[in-house]
Structure formats: C-alpha cells, structure tokens
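In: Just a sequence and a predicted model for now, questions to come.
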Amino acid sequence: MRPIRCLRVGVLFAALAAAGCGTTEEPKKPTKSVRTARDLERQVQMRDEALMLFGRNDPAAWKEATAELRLLGEPLISPETMALAEQVLGPDASAAEAARMELYRRGQVPRILHGLESDQYEDWRSAKYAMLKLGEPGKEALVLACILQFQSERASHYEMARRMLVELGGVSLKFVAEAFDMTLRQPAGGASWSDDGGDERLPPTYAILREQCARTLAQLGREGQEALRKLAASPDERVRVAVAKGAASGDRAQAFTLLVDYLQRDASWRVRAEAAVGLGLLKDRRAVGPLLQALRDSDPFVRRKAAASLSIFEDERVVDALVDALADAPVPTFPKPGPGESGRGYGTLPGPDQAAMEHRIELVECLERLGNRRAIAPIFQALAAHPPALITPLYKAYDHALRTLTGVGGIQVRSAKEWRQQLGYHDR
C-alpha cells in the first residue's frame with residue numbers, strides 16, 4: 001500500500017474516532033460454528049439495516065430496529081449497543097434521543113461519507129446535510145473527510161472538497177491548518193526535490209495536500225487569509241511554495257502584494273515560479289511590469305512561467321519583450337539525421353538542449369496566444385535557424401504559430417524554405 005493510501009485510511013478512522021463518530025461494529029467470531037459464512041454475512045447486513053432505522057424520525061422504526069437487534073443477539077451485537085437500543089425505548093426523552101443519535105452514528109456515518117466518493121456535487125451536499133444532523137461530531141467528521149479528499153486520485157474532487165470546506169466555514173479552519181502542518185511532519189516517501197544541480201521538478205508526496213489546504217485557507221475569510229499571511233514568511237521552502245500556489249484563490253489585493261514580493265525577492269526558484277503563475281491567474285494588469293522583469297530571471301523555469309502569464313495580457317510591451325526573449329533564447333542542438341531520416345522526430349534531447357527547446361516552445365506558444373501579427377517575422381526567423389527536414393516539437397510549435405498568425409491552412413509545409421515561399425519572403 002502506498003504511503004498516501006495508508007495515511008488516508010489511518011487518518012480517516014482516527015478522525016472519526018476523535019470526532020465521536022464510531023464506524024459500524026465488526027462482528028465477533030461465533031463461539032459455535034453453527035452458521036455458515038453466508039449466514040453471517042446476511043446477519044451482518046441485517047444488523048447494519050437495523051442501525052440505519054434509528055436515523056428515521058419515527059418511533060415505530062426505533063421499536064422495529066430494537067427488536068431486530070434483540071433477535072440477532074451475540075456475537076453480532078455488543079452489550080453496549082444493546083443497552084443503547086433499550087434506552088431509546090426508555091421513559092427519559094433526553095437520554096433516549098442521545099442514545100438514538102449514537103446508534104445512528106454507528107450505522108450511518110460510513111455510508112454517508114461514501115457520498116464524497118461521487119463525482120456529483122449533489123451527492124456531496126446530501127452527505128453534508130446528513131452529517132450536520134449528527135451535530136458537532138458529525139460536522140467535524142465531515143470536515144476531516146473533505147480534507148482527506150485532497151489525497152484522492154481524482155483531481156476533480158479537490159475543487160468539490162474545497163467548496164464544501166468553505167461552505168462549512170469556521171469549523172474547517174482549525175482542521176485545515178492542522179492538516180497543512182501535518183504534511184510538514186510526514187516523510188516524503190522517497191520523492192524529494194533535488195538541489196544537487198539536477199533538474200528534478202517533482203514535488204514531495206504531500207505537496208498536493210499542502211497546496212489544497214493553502215487554497216482552502218485563502219478562501220476561508222479573514223481568519224483563513226491571516227493564517228496564510230503568517231505562513232508566507234516561513235523559512236520552509238515547502239510552505240512558501242504552497243502559499244504561492246494558494247494565494248490567488250483568496251483576497252486579490254493581498255495575493256497581488258504577496259506574489260509580487262515572492263517573484264522579486266524570494267531566493268527559491270520554485271517559489272518565484274509559482275508566484276509568476278499566480279500573478280497570471282489574478283489577471284491584474286499591474287503584474288505586467290514585475291512579470292517583464294521576471295523574463296530576465298536567473299532560472300529558466302521562472303522565465304518560462306513568467307512568459308506564460310504575460311501571454312494573457314494584450315500589451316505592446318509584452319509582444320516586444322517576448323520577441324526579444326525569443327531572439328536571445330538558447331538554441332538547442334539537434335542530432336544530424338542519418339540517411340533516410342529526413343522526417344525523423346526528436347521528442348526529447350539530452351540535458352540543457354531539452355530545457356532550451358522547452359523554453360523556446362513556451363515563448364512561441366505565448367506569442368501565438370497573443371495573436372499579434374508582429375510576431376510572424378520573428379517566429380519565421382527562428383524557424384529559419386531550425387535544422388531543415390527535422391520534425392521536432394520545436395518545429396511543430398513554429399509551424400502551428402505561423403499557421404495561426406497568418407491564417408494559412410490546408411497546405412503541407414515541411415521546411416523554412418517552403419514557409420518563405422508561402423509568406424512571400426525573398427532571399428536577400
């Protein structure tokens with residue numbers, strides 16, 4: 001079992017226990033082998049169905065459920081459960097209601113929380129309303145179950161979990177902050193960032209959970225944003241990366257100030273790169289200046305992210321800056337094609353050449369998104385320096401951008417020479 005899955009299962013059961021919401025009782029081993037496995041399975045189902053009856057607002061259903069539990073008896077029903085069932089039928093209304101709710105929790109909580117496995121938010125809402133009927137313990141168990149969805153293998157659940165945590169409001173804040181802190185104490189499970197000169201860009205195992213918790217804090221009103229602001233000054237790079245990823249989800253003014261500061265001053269290229277992405281998400285035109293400066297950042301990954309964020313702004317300065325960046329960008333070295341390899345493609349290149357190719361692709365795609373025809377000539381000039389007859393990802397980026405910007409379609413163009421003829425360029 002993977003570390004994440006172990007964490008998910010372990011924390012869920014610990015959370016439900018801490019919240020006072022016990023799971024369905026497991027059957028004890030029969031003292032006599034008078035029942036087959038199939039008989040036992042059916043009786044376990046009957047027990048669960050009986051416990052579910054306590055969730056109805058119907059005294060007749062409670063009597064029926066109590067009779068069912070009496071009939072099943074040991075070893076399926078513990079003395080504690082049976083005592084609660086008898087108390088439901090007792091004269092003390094307050095104690096009877098408390099006992100009924102406890103039995104309801106025992107039979108219902110796991111089933112209710114299964115609603116969070118759905119891809120339909122209506123099912124999540126149904127689970128929410130059912131859990132809220134269980135009072136504070138049910139609300140807390142729901143919060144914890146939503147946080148655990150940040151470890152789901154389905155990314156579509158992240159947004160639904162954040163949405164529900166924000167709907168639940170203040171009760172979410174403490175648990176989200178604790179979950180964020182917990183990720184800093186967990187082992188990385190073998191995945192780590194490399195600082196030895198390599199180009200490893202994979203995040204640690206718990207980076208997704210940290211990021212989603214940061215996004216949730218940003219959306220939890222003033223208290224959540226204050227918690228995020230305090231985290232922003234952490235000396236731990238992992239924390240600052242998560243804050244940079246989450247900031248744009250909250251107050252825009254606060255996020256803008258924080259992200260510009262990160263982009264211009266943080267020592268970590270990871271934090272600066274996420275700050276560049278966040279400024280693009282804010283779509284605040286004041287970010288153009290800082291992002292233009294970031295095109296000259298010492299780290300190529302930061303430069304790529306700054307270019308991508310700039311491409312959403314229709315600004316003449318952006319076109320000029322991206323054109324200059326394309327002209328100055330390193331040119332990757334491609335292997336020479338052998339005999340009969342004129343159409344050969346190279347998906348990846350060794351070391352710095354791959355980074356140079358990806359950087360140029362990013363710049364070309366950004367110019368294409370801007371849609372400014374002034375980019376045609378610079379892109380064509382870059383294409384002309386590309387090795388003839390090599391169909392590479394970089395060639396495809398040039399080709400696609402020229403088709404988009406010129407409106408040319410329905411032709412087969414395989415070289416810079418053919419593009420020269422198509423666009424009316426002439427040798428000087």
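Out: In hand now; what should we look at?

In: Now do the same for Q422: its pLDDT.
Out: At Q422, the pLDDT value in this model is 66.

In: I'd guessed A329 sits against L363; true?
Out: Yes: A329 lies in contact with L363 (CB atoms under 8 Å); the separation is 6.2 Å. All C-beta atoms are positioned from the backbone trio N, CA, C, and that covers glycine.

In: Which one's more surrounded, the two?
Out: L363 (30 against 19; other CB atoms under 10 Å).

In: moving C-terminal of the strand or helix carrying A177, what's the next helix or strand?
Out: In this structure, A177 sits in helix 170-183 according to DSSP states H and E. Per DSSP H and E, the first helix or strand lying C-terminal to helix 170-183 is helix 207-219.

In: Please put the alpha-carbon coordinates of that following helix into PDB.
Out: What follows is helix 207-219, C-alpha atoms only, in PDB (Å, rounded to 0.1, in the frame of the first residue of the first chain):
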ATOM      1  CA  ALA A 207       2.700  18.700  -1.800                       C
ATOM      2  CA  ILE A 208      -0.800  18.300  -3.200                       C
ATOM      3  CA  LEU A 209      -2.400  18.200   0.200                       C
ATOM      4  CA  ARG A 210      -0.400  21.300   1.300                       C
ATOM      5  CA  GLU A 211      -1.400  23.100  -1.800                       C
ATOM      6  CA  GLN A 212      -5.100  22.400  -1.400                       C
ATOM      7  CA  CYS A 213      -5.000  23.300   2.200                       C
ATOM      8  CA  ALA A 214      -3.400  26.600   1.300                       C
ATOM      9  CA  ARG A 215      -6.100  27.300  -1.300                       C
ATOM     10  CA  THR A 216      -8.800  26.500   1.200                       C
ATOM     11  CA  LEU A 217      -7.300  28.800   3.800                       C
ATOM     12  CA  ALA A 218      -7.200  31.600   1.200                       C
ATOM     13  CA  GLN A 219     -11.000  31.200   0.700                       C
END
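
In: What is the helix holding A177 packed up against?
Out: helix 135-148, helix 156-168, helix 207-219, helix 221-232 (3 or more CB pairs under 8 Å, 6 or more residues apart in numbering; DSSP states H and E).

In: swap the cut-off to 6 Å and go again
Out: helix 135-148, helix 207-219, helix 221-232 (3 or more CB pairs under 6 Å, 6 or more residues apart in numbering; DSSP states H and E).

In: Out of those, which gets nearest to T333?
Out: Nearest to T333 among the helices and strands packed on helix 170-183 is helix 207-219 (33.5 Å), distances taken as CB to CB.

In: So what touches the closest one?
Out: 150-151, 158, 162, 165-166, 176, 179-180, 183, 224, 227-228, 242-243, 245-246, 249-250 (CB atoms under 6 Å, 6 or more residues apart in numbering).

In: If we use 8 Å, what do you get?
Out: 147, 150-151, 158, 161-162, 165-166, 172-173, 176-177, 179-180, 183-184, 224-225, 227-228, 231, 238-239, 241-243, 245-251, 255 (CB atoms under 8 Å, 6 or more residues apart in numbering).

In: where do the helices sit along the stretch 201-350 of the chain?
Out: Taking DSSP state H, counting those that start in this stretch, the helices of the stretch 201-350 of the chain run over residues 207-219, 221-232, 237-246, 252-265, 269-282, 288-294, 300-310, 316-328.

In: Please identify the deepest-packed of the helices and strands packed on helix 170-183.
Out: helix 207-219 (a mean of 25; mean count of other CB atoms under 10 Å).

In: between that helix and helix 170-183, how many degrees?
Out: 150 degrees (axes from the mean of the first three to the mean of the last three CA atoms, to 10 degrees).

In: How far off centre is helix 207-219?
Out: 8 Å (CA atoms, centre = their mean, to the nearest Å).

In: Do you know the pLDDT at the residue lying closest to T348 once chain neighbours are set aside?
Out: Ranked by CB to CB, 6 or more residues apart in numbering and with sequence neighbours excluded, the top spatial neighbour of T348 is Q354, at 5.7 Å. For Q354, the model assigns a pLDDT of 89.

In: Same check on T23?
Out: pLDDT for T23: 45.

In: before we move on, what about R285?
Out: With respect to pLDDT, R285 scores 93.

In: Count the neighbours of it for me.
Out: 10.

In: Contact partners for it?
Out: By CB under 8 Å, 6+ apart, R285 lies in contact with F313, D315.

In: ok, it to A306 distance?
Out: According to CB to CB, to the nearest Å, R285 stands 15 Å off from A306.

In: Same check on P235?
Out: 25 Å.

In: Tell me which of the two has more neighbours.
Out: Taking other CB under 10 Å, P235 and A306 do not tie; A306 has more neighbours (31 against 6).

In: Looks like the more buried one contacts R296 (just checking).
Out: No: A306 is beyond contact range of R296, at 9.1 Å (criterion: CB under 8 Å).

In: hang on, the earlier thing: and of the helices and strands packed on helix 170-183, who's closest to R272?
Out: Comparing the helices and strands packed on helix 170-183 by CB to CB, helix 221-232 comes nearest, at 13.8 Å.

In: got the angle between that closest one and helix 207-219?
Out: Interaxial angle, helix 221-232 versus helix 207-219 (the same axes, to 10 degrees): 130 degrees.

In: Could you name the helices and strands sitting against helix 221-232?
Out: Applying 3+ CB pairs under 8 Å, 6+ apart, one finds that helix 221-232 makes contact with helix 170-183, helix 207-219, helix 237-246, helix 252-265.

In: Among those helices, which comes closest to A130?
Out: Using CB to CB, the nearest of the helices and strands packed on helix 221-232 to A130 is helix 170-183, at 16.3 Å.

In: Okay, angle between the closest one and helix 135-148 too, please.
Out: Using the same axes, to 10 degrees: helix 170-183 against helix 135-148 is 40 degrees.

In: tell me which residues of helix 170-183 are tucked away?
Out: For helix 170-183, a neighbour-count test (16 or more other CB atoms under 10 Å) marks S172, L173, F175, V176, A177, A179, F180, M182, T183 as buried.

In: got it, and stretch 386-403?
Out: Neighbour-count burial for stretch 386-403 [16+ other CB under 10 Å]: 386-387, 390, 392-395, 397-399, 401-403.

In: now it, how far from the centre of its chain.
Out: Offset of stretch 386-403 from its chain centre (CA atoms, centre = their mean): 33 Å.

In: Check stretch 242-253 too.
Out: Distance, centroid of stretch 242-253 to centroid of chain: 14 Å (CA atoms, centre = their mean).

In: Thank you kindly, that will do.
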